[in-house]
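Trainee: model the following, please.
(2 chains)
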Amino acid sequence: MKEVLISGKASFKIEVPYKLYETGEKGKKPLIVYLHGFNQNIDRFEKIVNPLTELRAYHLFIQAPYPIYDETRTKKVEDWGRSWYLYDGEQQQFVRSMELSSEFIQEIIDGLLPNIEVNRLCLFGYSMGGYLAGYFMLSRWKHVNEAIIIGARIKTEVFTDRLQEAKHINVLALHGSGDKSVFPEPQQKEIEKLKNEGFNAQFKSIEAQHKLSQQFIAESEFWLKENGY
Amino acid sequence: MKILVVEDDPSVRTLVKAVLEHNDNTVITAETAKDGQALATGENFEMIVLDLGLPDGDGYEVCKYIRDEGVVTPVLILSGEQETDVKVKCLKVGADDYLTKPFNTEELLARMEAIQRRTESSGDQTLTCGEINVHLLKRECTVNDNKLQLTNNEFNLLVYFIKNKNRIITQEELAEKVWDIHFDTQTNYINVYISYLRKKIREYTETDYIETIRKKGFTFRCN
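Mentor: Numbering: from 1, shown residues only, chains lettered A, B, ... in the order given. Take a look at the predicted model:
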């Protein structure tokens, strides 16, 4: 007969890279936090969003914590894609996992703030990183000023009671009209909901699919400039 | 900093108070949810440290209540629970951060410092309209540098006006967006609040910012 003597949970340490760049003159400026999509990593993401890093700001690239095994067995571990959260379709698990990653992001930002002069915080999230940006923005509403969310949906249902307080956040949602991975309509509805709550929120449909093309980057850059970046 | 500590356990309360006072803070304490709510909504604090388990209610209710009352003071919740679900619940009711008991005092101070720094770095949470300045998170308003004493409803009304400046806003829109009332109450409460607000602003300026547009509504003029 076998008997469980002890069962528990222990933390396992994974080192996750992040990079902070500074562009433009010294002094107080915005911090833009970039959150990549599923199976991407910071090196690849940095290249795609490169035009945005010309804006005068601090640019923080954080890699998602969970590695995705490379089934082709051709890539080194550091080149594997990463995931921001564990999702099995169950909503509570989804939220829990997004919270863990949000805490992780917050911890990195908290560690940087004593050393840099930040006057605004902008989140830039694509796909899975966009879902997370939406969660971060509503859970940490006080500390976010702008959010650009591409090819994702803001899960407003998680923070229904906080929408009134969060309406100082300026939101740009960009979505490919032909996006078959994350359909545009639900995000469009979320943006309408935010607008009705008094947010300065905008939904823009781009003639594209789910892939993060340069059109999305150009629109983001234009919007950020309009918002004083 | 002026800090409110809401904690029923005398040993934790005394310890937290002593640590915070030792670090040059002024600390007011409350032992119950009811007293905590009254203090948090009645006085101005720069930080609230809130226990989850209180004898007459829980910290979630207190936090939700004070947020619903329009208080945006940072709230750090203390709890013996470690689960992420508890943290999510704290964030849902509007808390800023969460610390698991037992904690060491350095961790407490570091968390509070981090919360403050985040608030500073999110920067310009202000609205300006002519001589009027509104700080959204501190919920403070000044006219020509004179601080206005506004009630929560007056503050929310002013913010809505400034965010929607220079356009006609109907009574129905104000009822819905500021008071969340979606039916005709058959009372003139909106006019009453507008007259209060107008009076308080006019105390420090010659400009009449709120223009009444007959049979249509109001316009908040910002040039």
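Trainee: quick one, strands of chain B?
Mentor: Counting by DSSP state E, chain B has strands at residues B:2-6, B:26-30, B:47-51, B:53-54, B:57-58, B:75-79, B:97-100, B:126-129, B:132-135, B:140-143, B:146-148, B:168-169, B:210-213, B:217-220.
Trainee: any chance of those strands in CSV, plus distance to chain A?
Mentor: Every residue, glycine included, has its C-beta placed from N, CA and C. Shown next, in CSV, are the strands of chain B (distance: least, C-beta to the nearest C-beta, whole Å):
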stretch, distance to chain A
strand B:2-6, 17
strand B:26-30, 22
strand B:47-51, 13
strand B:53-54, 20
strand B:57-58, 16
strand B:75-79, 10
strand B:97-100, 8
strand B:126-129, 9
strand B:132-135, 11
strand B:140-143, 15
strand B:146-148, 20
strand B:168-169, 12
strand B:210-213, 19
strand B:217-220, 14
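Trainee: just give me the lowest mean pLDDT stretch among the ones you listed.
Mentor: Taking the average pLDDT of each of the strands of chain B, the minimum falls on strand B:126-129, with a mean of 85.
Trainee: and chain B, what are its domains?
Mentor: B:2-121, B:126-220 (automatic domain parsing).
Trainee: would CSV of those domains with mean neighbour count be doable?
Mentor: Formatted as CSV, those follow (neighbours: other C-beta atoms under 10 Å in any protein chain shown):
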stretch, mean neighbour count
domain B:2-121, 18
domain B:126-220, 15
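Trainee: among the ones you listed, which is nearest A:Lys195?
Mentor: domain B:126-220 (11.5 Å; C-beta to C-beta).
Trainee: what about that closest one, how long is it end to end?
Mentor: One end of domain B:126-220 to the other measures 17 Å (C-alpha to C-alpha, to the nearest Å).
Trainee: the strands of chain B: which one's closest to B:Gln186?
Mentor: strand B:217-220 (17.7 Å).
Trainee: who does the closest one pair with, and is each partner parallel or antiparallel?
Mentor: Using DSSP bridges, the strands paired with strand B:217-220 are strand B:168-169 (antiparallel), strand B:210-213 (antiparallel).
Trainee: contacting residues around residue 26?
Mentor: Since you didn't name a chain, this refers to chain A. A:Glu117 (C-beta atoms under 8 Å, 6 or more residues apart in numbering or on different chains).
Trainee: wrong chain, I was asking about chain B
Mentor: B:Thr26 neighbours (C-beta under 8 Å, 6+ apart): B:1-3.
Trainee: which of the domains of chain B comes out lowest on mean pLDDT?
Mentor: domain B:126-220 (a mean of 88).
Trainee: which residues in chain B form helices?
Mentor: For chain B, the helices defined by DSSP state H occupy B:10-22, B:33-42, B:59-68, B:84-92, B:105-121, B:152-163, B:171-177, B:189-202.
Trainee: is chain A within reach of the longest one?
Mentor: This points to helix B:105-121. Yes: counting by C-beta under 8 Å from any C-beta of the partner chain, chain A has neighbours in helix B:105-121: B:114, B:117-119, B:121.
Trainee: what does that helix contact?
Mentor: Under C-beta under 8 Å, 6+ apart, the answer for helix B:105-121 is A:31, A:109-110, A:113-114, A:118-121, A:140, A:142-143, B:1, B:15-16, B:19, B:23, B:46-47, B:49, B:74, B:76, B:96-97, B:99, B:137.
Trainee: what does the last one give?
Mentor: Around helix B:189-202, the neighbours that count as contacts under C-beta under 8 Å, 6+ apart are B:132, B:143, B:148-151, B:153-154, B:157-158, B:171, B:174-175, B:179, B:208-210, B:218.
Trainee: quick check: residues of chain A near chain B?
Mentor: With the criterion set to C-beta under 8 Å from any C-beta, chain A comes near chain B through A:28, A:31, A:92, A:95-96, A:99-100, A:103, A:109-110, A:113-114, A:118-121, A:139-140, A:142-145, A:158-159, A:161-162, A:165, A:168, A:198.
Trainee: which non-adjacent residue is nearest residue 17?
Mentor: Using chain A. A:Gln63 (5.1 Å; C-beta to C-beta, 6 or more residues apart in numbering or on different chains).
Trainee: think we crossed wires, I meant chain B
Mentor: B:Val27 is the one closest to B:Lys17 (C-beta to C-beta, 6+ apart), at 4.7 Å.
Trainee: tell me the bridge partners for that neighbour.
Mentor: B:Ile3.
Trainee: that one: what's it in contact with?
Mentor: B:Val27 touches B:3-5, B:16-17, B:20-21, counting by C-beta under 8 Å, 6+ apart.
Trainee: now with 7 Å, please.
Mentor: The neighbours of B:Val27, taking C-beta atoms under 7 Å, 6 or more residues apart in numbering or on different chains as the test, are B:3, B:5, B:17, B:20-21.
Trainee: give me the most central residue, chain B.
Mentor: B:Val71 (1.8 Å; C-alpha atoms, centre = their mean).
Trainee: so which elements touch the one helix or strand A:Ala218 maps to?
Mentor: Taking DSSP states H and E as the criterion, A:Ala218 maps to helix A:214-226. Helix A:214-226 sits against strand A:146-150, strand A:170-176, strand A:200-206, with contacts defined as 3 or more C-beta pairs under 7 Å, 6 or more residues apart in numbering or on different chains; DSSP states H and E.
Trainee: make it 6 Å
Mentor: Contacts defined by 3 or more C-beta pairs under 6 Å, 6 or more residues apart in numbering or on different chains; DSSP states H and E place helix A:214-226 against strand A:170-176.
Trainee: adjacent strands (with direction) for the strand it packs on?
Mentor: Per DSSP bridges, strand A:170-176 is paired in its sheet with strand A:146-150 (parallel), strand A:200-206 (parallel).
Trainee: check those for me and report the most buried one.
Mentor: strand A:146-150 (a mean of 27; mean count of other C-beta atoms under 10 Å in any protein chain shown).
Trainee: identify the residue nearest B:Asn23 in space, chain neighbours excluded?
Mentor: In space, B:Asn23 is closest to B:Leu109, 6.3 Å off (C-beta to C-beta, 6+ apart).
Trainee: show me the strands in chain A, by range?
Mentor: With DSSP E as the criterion, chain A has strands spanning A:18-22, A:29-35, A:58-62, A:66-67, A:82-83, A:118-126, A:146-150, A:170-176, A:200-206.
Trainee: just tell me which of these ends up closest to B:Thr126.
Mentor: Using C-beta to C-beta, the strands of chain A put strand A:118-126 closest to B:Thr126, at 11.6 Å.
Trainee: quick check: closest non-adjacent residue to A:Val77.
Mentor: Per C-beta to C-beta, 6+ apart, closest to A:Val77 is A:Pro67, 6.9 Å.
Trainee: the one you found contacts A:Gly81, doesn't it?
Mentor: No: look at A:Pro67 against A:Gly81 with C-beta atoms under 6 Å: they stay out of range, at 7.8 Å.
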